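Colleague: What would the 3D arrangement of this be:
(chains A and B)
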2 protein chains.
Amino acid sequence: MKFDYSHQENWYFEHGKHQSPINIDDQVATTWPRGSALEVDYQNEVSLAHDSGNGLEVFVTGTAILNYRKFNLVQFHTHTPSEHQLNQHSFAAEIHFVHQALNGAKAVIAVFFEIGPANPILASVIENWTKPNDFTIKLTDFIPANPAYYHYLGSLTTPPLTEDVEWYVIKDPVTLSQEQLAFLEGLAAKNNRDLQPLNDRPILYHE
Amino acid sequence: MKFDYSHQENWYFEHGKHQSPINIDDQVATTWPRGSALEVDYQNEVSLAHDSGNGLEVFVTGTAILNYRKFNLVQFHTHTPSEHQLNQHSFAAEIHFVHQALNGAKAVIAVFFEIGPANPILASVIENWTKPNDFTIKLTDFIPANPAYYHYLGSLTTPPLTEDVEWYVIKDPVTLSQEQLAFLEGLAAKNNRDLQPLNDRPILYHE
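Modeller: Take a look at the predicted model:
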């Protein structure tokens, strides 16, 4: 195909092929021996925990080394039920740790929640909900003991749905209690975006 | 703003904000101490050198370590005049080494050409042009002695103009002769895309 450089305004602009969330199929994922273990160094001070209008959003700081590069943690927020699915299984909730690197690259670490023992971090957030927002939480407690994860390239899951987002979806879920789930659902009863087609994207798995 | 999760089909889809090429303004670029030096391990065998219909395109293999991650070299091709500009300066030509990583990430190393002594690699390509396509070139000779580069996140410069492309634009040009430029222009007289707005993107500089 010969491109018409005199009428560049007519060039077809492909978009929307690399959107999130997706269903992660274990059978499709390939192991990623060159991937690096997730390395997070999150601070414990919460500067603001509030309802963004779309559910729980908490401003925190810290850094993460993801695929060998340094990212800054910006915030975390929750979705109920989960946005990603694992082998067609939907979880009670999903937490997203949103990061940005110096070159503007965005990366999200996602952790699933299933119903079980109360989560100590959510307990702190809920306990401090109506008080001035200045408390500490041990943020790394959100990361499961086994940090094996799936990696793929996707998008933000809320408008403007910007692509160019690296996803690190941790395989093992953590737990929250039924009461804690009710708190999150009280802020936003349903705030999960529809599943998006995988299209031609590889899913990599790092143990 | 509260998102309407019942009408996700109406969500605004932002695109086209991170397109290539751009003008690289030295005054806007910030130094990137955490960047890594370009590390290329290119093979010398050419499997195919042809006119893609849009100019010279050469299929080659090799690997590059870019910002600490491994990419596979797919091909290189040329644009006349250059697509990127450096402080509003356009060069006679620009070569793009197109890479892809296991997770699907794309990265391009760009090198500018200015008129001067003949380029030995282009000489080999031109010498073998009408012969069966199976010859060797010392591909790393395309990389200038000083591999200082600018880095930003952009797009492919031909349709489908896919974003999610990491650019590594080497500051120092290499040379080609007037005759070699005429050969490239004989394949495609003008195949440079219009400059695109930088928008909110940082430009990083690594010495």
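
Colleague: where's the helix or strand hosting A:Phe112 relative to the chain centroid, distance-wise?
Modeller: Using DSSP states H and E, A:Phe112 maps to strand A:106-115. Counting by Cα atoms, centre = their mean, to the nearest Å, strand A:106-115 is centred 5 Å from the centre of its parent chain.

Colleague: do stretch A:141-153 as well
Modeller: Distance of stretch A:141-153 from its chain centroid, counting by Cα atoms, centre = their mean, is 10 Å.

Colleague: Same question for stretch A:138-153.
Modeller: Using Cα atoms, centre = their mean, the offset of stretch A:138-153 from its chain centre is 10 Å.

Colleague: Quick check: end-to-end length of it?
Modeller: 28 Å (Cα to Cα, to the nearest Å).

Colleague: and it, anywhere near chain B?
Modeller: Yes: residues of stretch A:138-153 contacting chain B under Cβ under 8 Å from any Cβ of the partner chain: A:151-153. In short, each C-beta sits where N, CA and C put it, glycine included.

Colleague: Over to stretch A:176-185?
Modeller: No: judged by Cβ under 8 Å from any Cβ, stretch A:176-185 makes no contact with chain B; its nearest approach is 12.8 Å.

Colleague: what residues does that stretch touch?
Modeller: Applying Cβ atoms under 8 Å, 6 or more residues apart in numbering or on different chains, the contact partners of stretch A:176-185 are A:55-56, A:78, A:80, A:92-93, A:113-119, A:122-123, A:126.

Colleague: Return a selection command, for use in PyMOL, containing the buried ones of those.
Modeller: This is the PyMOL syntax for the buried subset of those, where burial follows 16 or more other Cβ atoms under 10 Å in any protein chain shown:
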select buried, chain A and resi 55+56+78+80+92+93+113+119+122+123+126
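
Colleague: what distance separates the lowest-mean-pLDDT helix or strand in chain A from the centre of its chain?
Modeller: Least confident helix or strand of chain A, by mean pLDDT, DSSP states H and E, is strand A:135-136 with a mean of 84. Put simply, strand A:135-136 sits 22 Å off its chain's centre (Cα atoms, centre = their mean).

Colleague: got a list of what the residue nearest to A:Pro147 when sequence neighbours are not counted touches?
Modeller: Spatially, and ignoring its direct neighbours in sequence, A:Pro147 is nearest to A:Leu38 (5.0 Å; Cβ to Cβ, 6 or more residues apart in numbering or on different chains). By Cβ under 8 Å, 6+ apart, the contact set of A:Leu38 is A:64-66, A:109, A:143, A:147, A:149, A:168, A:170.

Colleague: need those in CSV with pLDDT, secondary structure and neighbour count, can you?
Modeller: Converted to CSV, those look like this (pLDDT from 0 to 100; DSSP: H, G, I helix; E, B strand; the rest coil; neighbours: other Cβ atoms under 10 Å in any protein chain shown):
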residue, pLDDT, secondary structure, neighbour count
A:Ala64, 95, strand, 20
A:Ile65, 95, strand, 15
A:Leu66, 96, strand, 24
A:Ile109, 97, strand, 25
A:Ile143, 90, coil, 18
A:Pro147, 90, coil, 18
A:Tyr149, 97, strand, 25
A:Tyr168, 98, strand, 23
A:Ile170, 97, strand, 20
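
Colleague: State the pair within the residues you listed that is farthest apart.
Modeller: Using Cβ to Cβ, the pair of these lying farthest apart is A:Ile65 and A:Ile170, separated by 15.4 Å.

Colleague: mind checking the SS state of A:Trp121?
Modeller: Small correction: residue A:121 is Ile, not Trp. Using DSSP: H, G, I helix; E, B strand; the rest coil, the structure places A:Ile121 in helix.

Colleague: Pretty sure it sits against A:Leu139.
Modeller: Yes: assessed by Cβ atoms under 8 Å, A:Ile121 is found in contact with A:Leu139 at 6.9 Å.

Colleague: what about A:Asn54, how many neighbours?
Modeller: A:Asn54: 17 surrounding residues under other Cβ atoms under 10 Å in any protein chain shown.

Colleague: That one and chain B, how far apart?
Modeller: A:Asn54 sits at a distance of 6 Å from chain B (criterion: Cβ to the nearest Cβ, to the nearest Å).

Colleague: which residues sit in contact with that residue?
Modeller: Taking Cβ under 8 Å, 6+ apart, we find A:Asn54 in contact with A:77, A:158, A:188, A:191, B:2-3.

Colleague: And for A:Leu86?
Modeller: Counting by Cβ under 8 Å, 6+ apart, A:Leu86 touches A:23-24, A:26, A:112, A:169, A:171.
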